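>>> Kindly return the folded structure for what I paste below:
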Amino acid sequence: MNTSPESATNLLMSYEDGKSFALKGDVVKAREVLGPIVEFNPYHPAAYFLCLVEMKSGNLRNCEKLCETFLSRNTKHPGMRAIAAELHIKKQNYAAAKAEIDIALRANPTHQAAIRASDRLRALMRQQQTKKIVDRLATSGFGGIRKIGRIKNAERLQRIRPLQQWDDDPIEAKVAYFHHCADVQVALNSYVPELIDNAVEFGYCTWPRKIQGLIQGRSVLDVGCGFGGYAIGFLCAGATSYTGIDPAMKLDEKRMRNKRLRQWVPVNMSAREIMELVPAIELRQVSTRDILGEKQFDVICLHNVTEHLLQIESVFEDISKLLVRGGKVVFMHHNFFGWSGHHMQPHHPRLLDEQNPDHLKYCDWNHIKIMDHLPDDHYLNTNLNRIRIDDLKRIVNKHFKIEAWEHKYSSKAVLERLTPEVLESVIRVKSDLTAEELKTNAVYCVAEG
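Numbers count the residues shown, from 1 in each chain. Predicted coordinates:
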């Protein structure tokens with residue numbers, strides 16, 4: 001490129017503008033401004049910022065060429081070395097990535113991009129090593145020397161701390177299963193990798209992870225467990241045993257609700273088959289009253305179940321008898337008087353179809369206005385107890401000592417719909433309701449027996 005001294009000066013003067021475009025992620029303008037500078041001088045810092053925006057935009061081929069040329073002269077530039085490391089990470093060339101990061105951090109030990117690349121590389125290398133152990137555990141046998149190898153691999157996993165969000169990754173959930181267990185050999189007897197994969201995929205590890213501090217090392221009774229989807233999630237969180245009860249459970253059905261997709265999907269094993277494979281899991285088509293006097297549990301959980309209990313006072317009385325002294329009750333209650341407390345469509349404003357009369361019938365707290373005029377066999381009467389939050393708290397207080405009682409408010413998108421006009425229209429129908437109740441989506445409770 002033949003450029004006059006005056007043109008070169010003008011190009012370099014536009015560098016700050018191009019840098020600003022690159023940092024904002026505007027790849028088109030960054031190319032327009034920085035491209036000619038780099039063409040004139042491929043070793044100018046403009047190359048770094050152009051490379052940065054190209055990488056963020058996914059144009060790796062352009063980025064690689066810029067990076068290689070720039071580093072041939074600016075060998076210790078920490079930012080470009082960090083980019084080079086990220087490029088190697090994307091190719092899973094972890095040794096080369098580590099070498100680039102080492103150069104970057106020697107040049108500038110506090111360089112944030114290099115530190116982030118180092119953290120990402122460390123996590124990926126750890127996950128790669130962890131996956132090898134998990135895979136070896138899945139392929140090892142059950143007898144003789146192979147059994148010893150199986151125990152050793154499980155013990156290796158027990159020593160690894162799972163990532164904080166282990167409920168979103170099947171490998172991390174398997175690490176959590178052994179890391180949180182009380183006894184490796186006992187845990188191995190109930191280890192079925194496929195079930196952990198399903199629990200993560202369908203969203204059944206998240207609730208157990210959130211209450212892990214209450215359930216690790218303890219026996220759990222899950223009241224109103226549906227088809228027992230949370231069972232494996234509780235074992236991954238460290239429960240020593242899981243008993244799930246629900247009068248409506250279908251023990252031989254081979255389908256499960258995918259909580260992430262909000263739809264039913266086929267699975268390979270029924271609840272009965274799962275129990276046969278996993279000694280730590282017991283699933284029963286019974287009520288709390290049916291198992292009184294059999295045994296007691298360290299922790300009793302109810303996840304979005306309390307709103308469905310038509311005989312809720314008697315259930316909590318039963319629970320008080322099923323809980324060991326000093327044991328914990330933990331539940332998440334979905335508030336009927338919240339925006340989506342009707343359990344019908346729409347569940348969220350983003351799903352609202354204002355052309356759908358059924359949606360309009362329930363949205364914006366309209367279900368409260370019609371609830372006293374519905375037929376006896378309507379879902380709101382047959383499947384929801386419509387209990388008030390204060391009444392629920394009174395029942396819990398009658399049998400337990402409440403340690404935590406937290407109102408979980410609806411999202412901003414929901415609360416924006418609670419206009420003064422909507423509030424007035426609801427209170428006109430049910431005068432003792434408060435804005436607090438209408439804003440509350442759920443209540444989280446922990447109580448001691």
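
>>> The lengthiest strand in the chain: partners in the sheet, and parallel or antiparallel?
As assigned by DSSP state E, the longest strand anywhere in the chain is strand 323-334. Strand 323-334 has the following strand partners under DSSP bridges: strand 297-303 (parallel), strand 440-448 (antiparallel).

>>> Let me know which of these is tucked in deepest.
strand 297-303 (a mean of 23; mean count of other Cβ atoms under 10 Å). C-betas here are computed from N, CA, C, even on glycine.

>>> Check the offset of it from the chain's centre.
21 Å (Cα atoms, centre = their mean, to the nearest Å).

>>> Next up, phi/psi of the nearest residue to residue 345 once chain neighbours are set aside, please.
Distances taken as Cβ to Cβ, 6 or more residues apart in numbering place residue 359 nearest to residue 345, at 6.2 Å, with adjacent residues excluded. As for residue 359, its main-chain torsions (degrees, to the nearest 10) stand at phi -60, psi -50.

>>> what about the helices in the stretch 201-350 of the chain?
For the stretch 201-350 of the chain, the helices defined by DSSP state H, counting those that start in this stretch occupy 206-210, 212-215, 231-236, 271-277, 312-322.

>>> what is the rounded mean pLDDT of the helix or strand where residue 178 lies?
Following DSSP states H and E, one finds residue 178 within helix 170-179. Mean pLDDT, helix 170-179: 96.

>>> thinking residue 379 is in contact with residue 343, fair?
Yes: counting by Cβ atoms under 8 Å, residue 379 touches residue 343, with 7.2 Å between them.

>>> who's more crowded, those two?
residue 343 (17 against 11; other Cβ atoms under 10 Å).

>>> is it true that the more buried one touches residue 382?
No: taking contacts as Cβ under 8 Å, residue 343 lies outside contact range of residue 382: 11.5 Å.

>>> other SSEs contacting whichever helix or strand residue 148 is part of?
Secondary structure assigned from DSSP H and E places residue 148 in helix 144-158. Using 3 or more Cβ pairs under 8 Å, 6 or more residues apart in numbering; DSSP states H and E, the elements in contact with helix 144-158 are helix 112-139, helix 170-179, helix 184-189.

>>> export the second one as CSV, just CAs?
Provided in CSV are the C-alpha atoms of helix 170-179 (Å, rounded to 0.1, in the frame of the first residue of the first chain):
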residue,chain,number,x,y,z
PRO,A,170,-24.0,-33.8,33.6
ILE,A,171,-20.3,-34.3,34.3
GLU,A,172,-20.4,-31.8,37.2
ALA,A,173,-23.5,-33.5,38.5
LYS,A,174,-21.7,-36.8,38.6
VAL,A,175,-18.9,-35.2,40.4
ALA,A,176,-21.4,-33.7,42.9
TYR,A,177,-23.0,-37.1,43.4
PHE,A,178,-19.7,-38.5,44.8
HIS,A,179,-18.3,-35.3,46.3
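
>>> TSV for the helices and strands packed on helix 144-158, including mean neighbour count and distance to residue 398?
What follows is the helices and strands packed on helix 144-158, written out as TSV (neighbours: other Cβ atoms under 10 Å; distance: least, Cβ to Cβ, whole Å):
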stretch	mean neighbour count	distance to residue 398
helix 112-139	16	47
helix 170-179	24	36
helix 184-189	16	37
